[in-house]
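Enquirer: My questions concern the predicted model and sequence given below.
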Amino acid sequence: MISLQEARSHVLDTVARLDAVVRPRAEVLGCVTASDLVAQEFIPPFHNTAMDGFAVQAADTVDATESAPRKLKVVDTLAAGANPRREVRAGEAIRIMTGAPMPPGADAVIMVELTETVAGGDTVMVHAQVPEGNHVRAAGDDLKPGDPVFHRGAVLTPGHLGVIASVGATGVEVYPRARVGVMSTGDELIDGPEPLGPGQIRDANRHTLLALLEQANAEPVDLGLIRDDEDAIAAALEHGAESCDAVLTSGGVSMGDFDYVKAVLSRIGEMRWMQIAIKPAKPMAFGTIGSTPIFGLPGNPVSSMVSFELFARPALLKMMGHTSLDRPTVQAIADEDLRRGPDGKVHFARVLASYGEDGRYHIRFSGGQGSHQLAAMANGNALAIVSDGEGIEAGGTVQVMLLGPT
């Protein structure tokens, strides 16, 4: 067996980052920027008000109070998107709506809640003193020409996309989503609701892996369910390697297995067949067909998912330009015994993690721990990382990899 770290290093050292591309703004959510984005104009482009109220000269509000208000003449109304038609002179005010440009002569805005309009709206009574710049958003207050909007390596969120729109950029240089093919093989597998025949099972791994790829912001490509035929498998793998950035298969990677996928990969790929000191997901194959990474994940559904999380997902994130490759890990309290025996392996227990009132994470088993028991993996949201030995007693602490919301 080899260590988890050795296996991860082998995989991560082999994969390369994809070439950067320019994509439309609507297609880059979750992608990583490949260059700095620099502002070309002022954001906001003009002085504007942050509040509904009245644009005034701050000097006209000196010593104003609720009991001794200052009276100003309302000379205009200014809505967002309108151009100012006149300036504000001493003793005057312009009614102004949030986002409207500041009119000439005004240097402050007093919010409407601190005023009272009288005389049919032609006069406003100001009940508070305000300083210059009050509730005024200056041109370039967010960004000025030449300012970096964000740097290379930013993972684009909805907020980033809004900023991109605000600076008028239509295309963004990013590392693209990896196109990743997923195939299942085996005459025993069927897809769909038809009754199972003798020895048949429904294909779960392919659908699970396609969904995991989508969750990782990759572009999943369904290469289909391939029958047990070396020529058909070779054709599917070669097509996947030519049309995708990476390919995932599951099953047929254990020591001593004779499997059509294993036979084909050994012939057309440069593969390393590994036995890793972890449970589940001990067997894994990794290599290339041409320059395309090929991940041979174990066939049991839980093992396939754990192997994806530990090896395929980090590698694909690296290919897509990410520098943070792993799921978040936290220290948690075991609310029940996590017993195991010494076997030279790190165990990944399927657990349900929650954040307790004591300000700490707590975990419990999410179900059965067999590598075939996919429901427990689905019902959990974390993997407890239990080192070699006797395990963790209830109340002890354990490192936990979070896979979903807690």
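Expert: Great, that's in hand.

Enquirer: Not counting sequence-adjacent ones, nearest residue to residue 338?
Expert: residue 392 (4.1 Å; C-beta to C-beta, 6 or more residues apart in numbering). Where you see a C-beta, it was placed from the backbone N, CA and C, and this is true even at glycine.

Enquirer: What distance do you get for that neighbour to residue 357?
Expert: The gap separating residue 392 from residue 357 is 22 Å, by C-beta to C-beta, to the nearest Å.

Enquirer: ok, residue 117 - contacts?
Expert: 74, 123-125 (C-beta atoms under 8 Å, 6 or more residues apart in numbering).

Enquirer: ok, residue 392 and residue 357, which is more surrounded?
Expert: residue 392 (22 against 6; other C-beta atoms under 10 Å).

Enquirer: quick one: least confident helix or strand in the protein?
Expert: Here the helix or strand of the chain ranked lowest by mean pLDDT, DSSP states H and E is strand 189-190, holding a mean of 87.

Enquirer: Who are the packing partners of it?
Expert: strand 201-202 (3 or more C-beta pairs under 8 Å, 6 or more residues apart in numbering; DSSP states H and E).

Enquirer: Quickly run through the sheet partners of the strand it packs on, with directions.
Expert: strand 189-190 (parallel) (DSSP bridges).

Enquirer: hang on, isn't residue 24 packed against residue 173?
Expert: No: in this structure residue 24 lies outside contact range of residue 173 using C-beta atoms under 8 Å: 11.7 Å.

Enquirer: Comparing the two, which residue is more hemmed in?
Expert: More crowded of residue 24 and residue 173, by other C-beta under 10 Å: residue 173, with 16 against 9.

Enquirer: Tell me the bridge partners for the more buried one.
Expert: So, taking DSSP bridges as the rule, residue 173 has residue 22 as bridge partners.

Enquirer: Just the pLDDT for it.
Expert: pLDDT for residue 173: 97.

Enquirer: residues contacting it?
Expert: Counting by C-beta under 8 Å, 6+ apart, residue 173 has contacts 20-22, 33-35.

Enquirer: And for residue 224?
Expert: Residue 224 touches 183-184, 236, counting by C-beta under 8 Å, 6+ apart.

Enquirer: Leaving out chain neighbours, which residue sits closest to residue 271?
Expert: Nearest non-adjacent residue to residue 271 (C-beta to C-beta, 6+ apart): residue 287, at 3.5 Å.

Enquirer: Just the C-alpha atoms of the helix or strand hosting the one you found, please, in PDB.
Expert: Using DSSP states H and E, residue 287 sits in strand 283-289. C-alpha atoms of strand 283-289 as PDB (Å, rounded to 0.1, in the frame of the first residue of the first chain):
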ATOM      1  CA  PRO A 283      -7.900   0.700  -5.000                       C
ATOM      2  CA  MET A 284      -7.500   3.400  -7.600                       C
ATOM      3  CA  ALA A 285      -6.000   3.800 -11.000                       C
ATOM      4  CA  PHE A 286      -4.700   7.000 -12.400                       C
ATOM      5  CA  GLY A 287      -2.900   7.900 -15.600                       C
ATOM      6  CA  THR A 288      -3.300   9.300 -19.100                       C
ATOM      7  CA  ILE A 289      -4.400   8.500 -22.600                       C
END
